[in-house]
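J.: curious how this folds, go ahead:
(chains A and B)
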Amino acid sequence: MRKSRQRLWMVGGAGVILAAALGLMLLAFGDALVLFYSPSEVAAAPPPAGERVRVGGLVEAGSVVRPDQGGALFTLTDTVATIRVSYDGSLPDLFREGQGIVAEGHFDHDGLFQASNVLAKHDETYMPPEVAEALRAQGVWQGNEATAEAGE
Amino acid sequence: MIAEIGRFLAAIALVLSLVQLMAGWRAATAPESGLAKVSARAAQTATATLAIAFGLLIYLFIVSDFSVAYVAGHSHVDKPLFYKVAAAWGGHEGSMLLWCTLMTAVGAGLAAFGPKADPGLRLRAVAIQGGLQILFLAFLVFTSNPFDRIPFADIPVQGADLNPILQDPALALHPPTLYLGYVGISAAYSLALAGLIEGRGGRLVAAAIRPWAIGAWTALTAGIALGAWWAYYELGWGGWWFWDPVENASFMPWLIAAALIHSAIATQRTGAFPGWTALLGLLAFSLSALGAFLVRSGVLTSVHAFALDPERGMWILGILAVLAGGGLAVFGLRAGKLGEGDGFEPTSREAFIGINNLFLAVTAGIVLCGTIYPLIADALGLRSVSVGAPYFNRTATPMMAALLILLPFAPYLPWRSGGMKRAAFSWRPLVWTIPGAAAGIAVLMMGGSVLAIAGAVLGGWAIAGAVTDLIDSRVLAHLPAKVSAYGRGLAHAGVGLIALGAAADSTGAPEVVRALAEGETMVIGERTIALADLRRADGSNYLADQAQLVVTENGRRTGVLTPERRFYVAAEQNTREVDIQTTWSGDLYAVLGEPRQREDGSIAFEVRMSFNPMTWLLGFGALMITLGGLTALTGMALGRRREEMA
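T.: From the prediction side, this is the model:
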């Protein structure tokens, strides 16, 4: 086969695959991105019910309820606004009252956040960056960002 | 004293790497001069020096010398010996020492096994490898020295202990294996850059790169598999792959190294894609370094998130800029020198390898975008976002699926000319369809989604393709070709097994979480789980509650699961020890969560149960890929020996 024909095939094939990949990525970026909301942001403009989002804040002291059958209910706060969170799974070991956590899930129609995953870091001085940022915005948190223990 | 010797040895290795670089560079233009030998000796001595330094670090851990900051931060007097040793590479500083040790070993390996017939290319590659060693050794010595002492007054008596979730056999082996891959691929970088600078033909460079690419990729596969296995049974999340940034960091070089293996074979055989093969060599190691940056800098909010240190991050970012920037600049200037390959038809094997490479490279690009997008959004001051599994599942998965459709055809196509009309080949796709359809129907019966069914069909199809390839290689080929063809068949079968395993695994029922007191039961699928007993099961450095979960299926007792909840005293940290009952049909997976006091005063423990169908397929697949890689390497070594004897 002539070189020019061969080049045409290669460029054409690459173009088709790249176009398909770009199309898939744009579609996915349109609605598979998960936005982060602080409690104040939720209070100001709540995301639509059912949309997958992340929320984060401090676990309000005394707010954690553990029903007899399992799961947990708790309140996240940035000291200005709060979000009530329901979680059916098993909370991470480092989940504690007063600690910063991030939860991923969606709001139901009653405004209760149904978490499908709760993230707490393996370090009690750790503050998730989004939470630190959100708290700093409220003037609450002055500490440094995560200076956690190294090691993999 | 020992620590000071270790620190001194690391500095010596840095100087030796400089000698290796300068002597090798000069010798490349005058291979007959004594400098060639100097360069090789420098590489070997640097390797020995760092190996001794690493041995000293292990010794410091064994004797629990807590006057060394790194030891104090990662060990404890009560820790079992095995984990004292493993802690030597369990943290950042120690793992960087391991990285540098492997890097110098690759330099010595290039000097010993690099292209014999072309000393110019070999010496240039050894010199460039010396340059890479300098970059990472400087990082080690100036920012991450594992031999740093702590002030006398601050020396702890017992040590802070290694993060308990890292005290695990699979995870003890995971970093060295992964690093073998990350660092092994640096040989491809050095050889590609040397080929570009020397203006050597692409075929020669590709032949030199190939064994390193196969070896490094095999180690990456094994390392990633160990990590996934660890995540599965140690983190207790019930999954094995989360599209977590740390996982993506190892997946990207894996994809590019896989592409590199294929393109290097095509370039070596027919001279096709010479520039592309060199480019992949440069990219594969650059992505390894990017992976190190992502994991080590803490710029990503990873659910693993082990290391957080902006200063080290900036260093690695600088190294990365030199690696990728320098490599690509040389590539841009010199790519034309590699020559052009022979022509080929659109249905030849090269053409299919080209398509394979496009899919693999595009997938790596997709993963890269998803992994660093949150960083870019953050840098631009946009809203804080995270890119989770749905993005990757909807972009990377279709690319991999397309790859699987084409996979079985390629080994049957001839080089250069079109081969679709070959008579012997026509009935095989029919044979491949049968296991594909059977797997698809099986997953349909298990209640799989459309995506899972498609995955199963493609998995069965690819496995069948690999099996016919293995049988045909036995019948058709001669010995040296045959051994590496076996490697190909095994690796391809492994890829199919992983697709099938992922499809089957996705049909698992959602997990069930219940708080159980002694004597209470919960139901998952057809199984009833009863909490029969709670007992203490303390270890040398932890306290533990252990649950006895009795499993009954259709009224018959089928086993007892004993998940634990541990408290590591020195680290003041709780962990969960998963227990898994593995059968052919799947894994019954039990996690013991937090205790809670009920209103009536009784204590109930959270028990989380899930059933993960046929998870063993995934491990089996990873094992087949690893075996395939080792087989291909053996084949190449046999071929080399034959050449030398002839």
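J.: with just CA atoms, put stretch B:266-274 into PDB.
T.: Output of stretch B:266-274 as PDB, limited to C-alpha atoms (Å, rounded to 0.1, in the frame of the first residue of the first chain):
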ATOM      1  CA  ALA B 266       5.600  -4.000  15.800                       C
ATOM      2  CA  THR B 267       8.500  -1.600  15.400                       C
ATOM      3  CA  GLN B 268      11.000  -4.400  16.100                       C
ATOM      4  CA  ARG B 269       9.400  -6.700  13.500                       C
ATOM      5  CA  THR B 270       8.600  -4.300  10.700                       C
ATOM      6  CA  GLY B 271       9.900  -0.900  11.600                       C
ATOM      7  CA  ALA B 272       6.300   0.500  11.900                       C
ATOM      8  CA  PHE B 273       5.600   3.400  14.300                       C
ATOM      9  CA  PRO B 274       9.300   4.100  15.300                       C
END
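J.: helices or strands up against the particular helix or strand that has B:G465 in it?
T.: Per DSSP states H and E, B:G465 falls inside helix B:450-476. Of the remaining helices and strands, those touching helix B:450-476 by 3 or more CB pairs under 8 Å, 6 or more residues apart in numbering or on different chains; DSSP states H and E are helix B:389-406, helix B:428-445, helix B:479-505. All C-beta atoms are positioned from the backbone trio N, CA, C, and that covers glycine.
J.: OK, contacts around B:Q597?
T.: Contact analysis of B:Q597 by CB atoms under 8 Å, 6 or more residues apart in numbering or on different chains lists B:603-604.
J.: what pLDDT does it get?
T.: Looking at B:Q597, its pLDDT stands at 83.
J.: tell me the spacing between it and B:L516.
T.: 14 Å (CB to CB, to the nearest Å).
J.: where do the helices sit along chain A?
T.: A:3-31, A:39-44, A:129-137 (DSSP state H).
J.: among those, which gets the worst mean confidence?
T.: When I compare those, helix A:129-137 is least confident, with a mean of 67.
J.: near chain A, anything from stretch B:216-227?
T.: No: using CB under 8 Å from any CB of the partner chain, we find that stretch B:216-227 stays clear of chain A, coming within 9.6 Å at best.
J.: can you point out the buried residues in that stretch?
T.: Residues of stretch B:216-227 classed as buried by neighbour count (16 or more other CB atoms under 10 Å in any protein chain shown): B:216-227.
J.: and which of the residues you listed is nearest to B:F352?
T.: Nearest to B:F352 among the buried residues of stretch B:216-227, counting by CB to CB, is B:W217 at 19.0 Å.
J.: bridged to the closest residue to A:V65 other than its chain neighbours, which residues?
T.: Once flanking residues are discounted, A:V65 sits nearest to A:L73: 4.4 Å by CB to CB, 6 or more residues apart in numbering or on different chains. On the basis of DSSP bridges, A:L73 takes part in beta bridges with A:V65, A:S86.
J.: go on, B:M522?
T.: In beta-bridge terms (that is, DSSP bridges), B:M522 pairs with B:I529.
J.: low pLDDT regions in chain B?
T.: Across chain B, the ranges flagged by pLDDT under 70 are B:161-162, B:296-310, B:342, B:419-426, B:475-481, B:646.
J.: now do the strands in it.
T.: B:385-387, B:512-516, B:521-524, B:527-536, B:542-553, B:556-561, B:564-568, B:573-577, B:579-583, B:586-597, B:603-613 (DSSP state E).
J.: residue contacts, B:I5?
T.: Counted by CB under 8 Å, 6+ apart, B:I5 has contacts B:53, B:56.
J.: distance of it from chain A?
T.: As judged by CB to the nearest CB, to the nearest Å, B:I5 and chain A stand 24 Å apart.
J.: number of nearby residues for the residue nearest to B:L196 when sequence neighbours are not counted?
T.: Computed as CB to CB, 6+ apart, the closest residue to B:L196 that is not its neighbour in sequence is B:R334, at 4.2 Å. Residues lying near B:R334 (other CB atoms under 10 Å in any protein chain shown) number 17.
J.: how close does B:R334 sit to chain A?
T.: Using CB to the nearest CB, we find B:R334 at a distance of 20 Å from chain A.
J.: ok, now which ones touch that residue?
T.: B:196-197, B:199.
J.: change it to 10 Å
T.: B:193, B:195-199, B:275, B:278 (CB atoms under 10 Å, 6 or more residues apart in numbering or on different chains).
J.: ok, B:L561 next?
T.: Contacts of B:L561 (CB under 10 Å, 6+ apart): B:529, B:547-551, B:578-581, B:588-592, B:607, B:609.
J.: do A:S90 as well
T.: A:70-72, A:118, B:236-237, B:511, B:513-515, B:576, B:591-594, B:605-608.
J.: repeat that for 7 Å
T.: B:513, B:591, B:593, B:606, B:608 (CB atoms under 7 Å, 6 or more residues apart in numbering or on different chains).
J.: could I get the strands of chain B as a markdown table with distance to B:I434?
T.: Formatted as a markdown table, the strands of chain B follow (distance: least, CB to CB, whole Å):
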| stretch | distance to B:I434 |
| --- | --- |
| strand B:385-387 | 39 |
| strand B:512-516 | 37 |
| strand B:521-524 | 34 |
| strand B:527-536 | 33 |
| strand B:542-553 | 32 |
| strand B:556-561 | 33 |
| strand B:564-568 | 45 |
| strand B:573-577 | 43 |
| strand B:579-583 | 26 |
| strand B:586-597 | 24 |
| strand B:603-613 | 22 |
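J.: list the contacts for B:G555?
T.: B:G555 sits next to no residue when contact means CB under 7 Å, 6+ apart.
J.: gap between it and B:L404?
T.: 42 Å.
J.: what does A:A19 give?
T.: 20 Å.
J.: now do A:P48
T.: From A:P48 across to B:L404, the span is 37 Å (CB to CB).
J.: hang on, isn't B:P595 packed against B:I603?
T.: Yes: counting by CB atoms under 7 Å, B:P595 does reach B:I603; the two are 5.4 Å apart.
J.: tally of neighbours for B:G332?
T.: 10.
J.: which of the helices of chain A is buried the deepest?
T.: helix A:129-137 (a mean of 20; mean count of other CB atoms under 10 Å in any protein chain shown).
J.: so how many other residues sit close to residue 76?
T.: As the question left the chain open, I've gone with chain A. 26.
J.: wait, I meant chain B there
T.: The burial count for B:H76: 25, using other CB under 10 Å.
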